[in-house]
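Trainee: Give me coordinates for this.
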Amino acid sequence: MTSEEIKQLHETYVMPTYAPGLALVRGEGTRVWDAEGRDYLDFVAGIAVAGVGHCHPRLVEAIREQAGRLMHVSNLYFNDRQPELARALSLRSLGGKCFFCNSGAEANEALIKLARKWGAEQGRYEVVSFRNSFHGRTLATLTATGQDKVKLGFDPLPEGFVLADLNDLGSVEAALTGRTAAVLIEAVQGEGGVQAAAAEFLAGLRRLCDERGILLLCDEVQCGMGRTGEWFGYQTAGITPDAISVAKGMGGGFPIGGICAGPDLSDVLGVGSHATTFGGTPLACAAALAVMEIIEKENLLKNARVMGERLRQGMAPLVNKYDWVEGVRGQGLINGLVLSRPAFSLQRMAEEKGLLVLATANTVIRLVPPLTVTEREIDQAVRTLHEVCAEMEPIREEAGA
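Mentor: Below is the predicted model:
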């Protein structure tokens with residue numbers, strides 16, 4: 001089908017919850033192709049999902065092999081791949097047990113249920129989250145999200161959620177009550193404009209939670225699986241949360257999510273307290289295990305750190321060159337180009353030049369390429385961004401010129 005045919009079919013039969021542009025039909029590594037055969041350098045990566053690149057041969061092989069052996073049996077039975085994945089995640093995170101589901105929203109929903117179940121006997125049920133955060137689209141997770149736009153039209157929202165300000169420990173302390181069960185935080189707010197939680201803030205948050213006897217939960221849906229240059233974003237600050245959520249990059253494109261808890265919380269969700277039909281299928285777990293194997297064998301944590309620094313350095317001159325470019329921020333391969341004007345026009349112009357980036361928080365261009373990205377691809381993206389900025393606005397005149 002042509003792009004136009006795909007779009008017409010989509011408009012006829014798919015609910016309009018998104019406003020897609022390109023019709024993409026193929027991917028390989030850091031590139032994707034539209035229906036007419038034009039290729040694009042992909043610095044969106046399925047919104048930080050294709051961490052090991054599109055159609056990595058090892059991932060494709062793992063999915064194909066498992067699909068031919070056993071895809072699904074439900075959690076009424078053991079399967080060999082699920083505990084293998086749980087062990088792999090536990091050893092790289094909190095040393096406890098895991099629960100598997102299908103998406104980031106479901107993973108954060110499970111975190112919230114874990115916190116409420118843990119706090120039930122104490123009358124603790126409130127979760128403190130942060131303004132500009134994003135935790136999902138279920139009723140509970142969109143209520144925890146610190147952005148009003150996702151909540152419009154869905155009242156009445158669930159009770160028990162309170163917002164605080166990122167990197168303001170006093171704001172968090174003021175939000176805590178005797179009903180507080182947990183604080184939920186992203187190491188980097190991806191949807192919120194690539195805003196990082198400062199290491200000293202996360203350390204202070206850990207101390208505060210310990211002092212008040214409440215849980216610290218980390219939403220690792222976007223930062224996890226190597227995106228920040230560590231397995232998980234919280235590890236860049238050297239803290240240990242009580243439980244984390246994971247999804248997006250875990251399956252490399254195959255849907256899977258989950259939570260990992262420390263030993264003290266590992267048995268809070270007992271038999272019958274939470275469940276899922278599709279969580280932790282042999283097929284999904286085989287994909288996730290292959291992703292972790294690729295990350296380690298190809299040294300992608302280091303690549304994320306090195307290539308992320310190269311990307312930030314390449315974008316940095318834009319700040320001094322254009323009045324409307326305010327800054328560059330990020331960690332590893334989750335980065336933002338911060339503007340003082342709406343970012344969508346830059347996104348659209350970059351796309352026309354063969355580079356896919358994502359406008360977020362209205363004025364930020366988010367760049368989350370696969371962790372496999374190369375120096376050459378980073379440099380190509382940087383050149384394209386410089387070209388687009390040059391076309392959008394004349395270079396700032398030097399003082400006295």
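Trainee: how about the lengthiest helix in the chain: buried residues?
Mentor: In the chain, taking DSSP state H as the definition, the longest helix is helix 375-392. Using 16 or more other C-beta atoms under 10 Å as the test for burial, helix 375-392 gives 377-378, 380-382, 384-385, 388-389. Heads up, the C-betas are built off the backbone N, CA and C, glycines and all.
Trainee: and which of these is nearest to Phe254?
Mentor: For these, the minimum distance to Phe254 (C-beta to C-beta) is 23.5 Å, reached by Glu377.
Trainee: Does that closest one touch Thr30 like I think?
Mentor: Yes - at 5.2 Å, Glu377 counts as touching Thr30 under the criterion of C-beta atoms under 8 Å.
Trainee: where do the contact lists of the two overlap?
Mentor: Contact criterion C-beta atoms under 8 Å, 6 or more residues apart in numbering; residues shared by Glu377 and Thr30: 41, 369.
Trainee: pLDDT weak spots in the chain?
Mentor: Applying pLDDT under 70 to the chain picks out residues 394-401.
Trainee: How is it partitioned into domains?
Mentor: 3-55+299-392, 58-297 (automatic domain parsing).
Trainee: Packed most tightly, which of these would that be?
Mentor: Of all the domains of the chain, domain 58-297 has the most neighbours on average by mean count of other C-beta atoms under 10 Å, namely a mean of 20.
Trainee: what distance separates the start and the end of that one?
Mentor: For domain 58-297, the first-to-last residue distance is 11 Å (C-alpha to C-alpha, to the nearest Å).
Trainee: Kindly report the same for stretch 145-156.
Mentor: Start-to-end span of stretch 145-156 (C-alpha to C-alpha) is 15 Å.
Trainee: likewise stretch 122-136?
Mentor: End-to-end distance of stretch 122-136: 27 Å, with C-alpha to C-alpha as the criterion.
Trainee: So what's the gap between it and the chain middle?
Mentor: The chain centroid and the centroid of stretch 122-136 are separated by 17 Å, computed with C-alpha atoms, centre = their mean, to the nearest Å.
Trainee: Identify the residues contacting the one residue sitting closest to the centre of the chain.
Mentor: The chain has Gln222 as the residue nearest its centroid, 1.2 Å off, counting by C-alpha atoms, centre = their mean. Gln222 sits next to 47-48, 104, 186, 188, 190-191, 248, 334, 368 when contact means C-beta under 8 Å, 6+ apart.
Trainee: export these to a markdown table and tack on secondary structure?
Mentor: Output for these, formatted as a markdown table (DSSP: H, G, I helix; E, B strand; the rest coil):
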| residue | secondary structure |
| --- | --- |
| Ile47 | helix |
| Ala48 | helix |
| Gly104 | helix |
| Glu186 | coil |
| Val188 | strand |
| Gly190 | coil |
| Glu191 | coil |
| Lys248 | helix |
| Ile334 | strand |
| Val368 | coil |
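Trainee: now the helices for this protein?
Mentor: Using DSSP H, helices in the chain cover 3-13, 45-48, 57-67, 81-92, 104-119, 139-144, 169-175, 199-212, 282-297, 300-315, 317-321, 344-352, 375-392.
Trainee: got a list of contacts for stretch 128-136?
Mentor: Residues outside stretch 128-136 that contact it (C-beta under 8 Å, 6+ apart) are 103-106, 108-109, 141-142, 144-147, 150, 161-166, 172, 175-176, 180, 182-186, 189-193, 195, 219, 221, 361.
Trainee: Look up how far Met292 lies from Leu24.
Mentor: Distance, Leu24 to Met292, by C-beta to C-beta, to the nearest Å: 26 Å.
Trainee: no wait, Thr374
Mentor: 21 Å.
Trainee: Span of stretch 40-60 from start to end?
Mentor: 21 Å.
Trainee: go on, stretch 100-108?
Mentor: By C-alpha to C-alpha, one end of stretch 100-108 lies 11 Å from the other end.
Trainee: just stretch 176-184 next, same as before
Mentor: Where stretch 176-184 begins and where it ends lie 12 Å apart, using C-alpha to C-alpha.
Trainee: Same question for stretch 186-201.
Mentor: 12 Å.
Trainee: ok, now which ones touch Glu106?
Mentor: 136, 138, 247, 257, 276, 279.
Trainee: what do you get for Val328?
Mentor: 312, 315-316, 318-319, 335-338.
Trainee: Show me which of these is closest to Gln66.
Mentor: Checking the contacts of Val328 against Gln66 by C-beta to C-beta gives Asn335 as the nearest, at 33.6 Å.
Trainee: Show me what that closest one bridges to in the sheet.
Mentor: Here Asn335 shows beta-bridge partners Gly330, Leu367, assigned using DSSP bridges.
Trainee: what residues are up against it?
Mentor: By C-beta under 8 Å, 6+ apart, the contact set of Asn335 is 194, 308, 311-312, 315, 328-329, 366-368.
Trainee: got TSV for these, with distance to Leu70 too?
Mentor: Output for these, formatted as TSV (distance: C-beta to C-beta, whole Å):
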residue	distance to Leu70
Val194	40
Gly308	38
Leu311	40
Arg312	44
Met315	46
Val328	46
Arg329	44
Arg366	37
Leu367	38
Val368	33
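Trainee: and of those residues, the nearest to Arg64?
Mentor: Ranked by distance to Arg64 (C-beta to C-beta), the contacts of Asn335 are led by Val368 at 26.6 Å.
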